[in-house]
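*Asks:* take this sequence and fold it.
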Amino acid sequence: MWKWLLHFNTVADYNSLALTCPPPPAGQPAAPLGFYDGSSVAAAFNMLAFLSVIAVLVIVMSIYLGTRRTLGPRFVFRWYKGIAAAAIVCALLALIALALAPTHALANSCETDPNPFLIRLPGAIITSRAVVGLAWGAIAYVVFSLVLVATAGRFPSVKNGFFHNRGCPWPRFIP
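*Replies:* Have a look, this model is predicted:
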């Protein structure tokens, strides 16, 4: 369940992700397909989930704690900028983190190189997770806004922006 919740099931099974094996030495038959090591792919996706959660929490806290003013047009504008920023940051994090993730081939899955060699994730998987990051970031922003206003908004303080905006975890559009 956590895999689906954190990644919207971008990769159904980490162990069945196929890769193209390196070319064989001259005179040997080619074995075109091998598999990624599922643990290295899962580690890359879990690190991305951790970074995305931290990024969205930082954005939510900066929006609510950025000023001591209560709900008004400036807060509403900042809140909508925050949801857009959360979506864009999560998509960019997916592009960067998965492109740089040290994933390996499964040992003995390629006949041409039986060692677990370093190989990058395919661009299609990185791009699909970046698109998922757009939706995930926006949804996580709203959920974290609701949770933090419901919990941290209970403590009255001059500097607690969650308290000042506790009646409205997301702003209503006022033309």
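*Asks:* contact partners for I59?
*Replies:* Contact analysis of I59 by CB atoms under 8 Å, 6 or more residues apart in numbering lists G82, A85, A86, V89, Y141. Every residue, glycine included, has its C-beta placed from N, CA and C.
*Asks:* ok, now with 10 Å
*Replies:* Contacts here follow CB atoms under 10 Å, 6 or more residues apart in numbering; on that basis I59 touches 81-87, 89-90, 137, 140-141, 144-145.
*Asks:* ok, the residues you listed vs L57, which is closest?
*Replies:* F144 (6.1 Å; CB to CB).
*Asks:* number of nearby residues for that closest one?
*Replies:* 19 (other CB atoms under 10 Å).
*Asks:* where's it relative to V132, distance?
*Replies:* F144 sits 17 Å away from V132, taking CB to CB, to the nearest Å as the criterion.
*Asks:* with K81 instead?
*Replies:* 22 Å.
*Asks:* more neighbours: those two, which one.
*Replies:* The neighbour comparison of K81 against V132 (other CB under 10 Å) goes to V132, with 17 against 12.
*Asks:* over to that one. Which of the three states is it?
*Replies:* Secondary structure, DSSP: H, G, I helix; E, B strand; the rest coil: V132 is helix.
*Asks:* my guess is it meets C90, correct?
*Replies:* Yes. With contact defined as CB atoms under 10 Å, V132 counts as touching C90 (8.6 Å).
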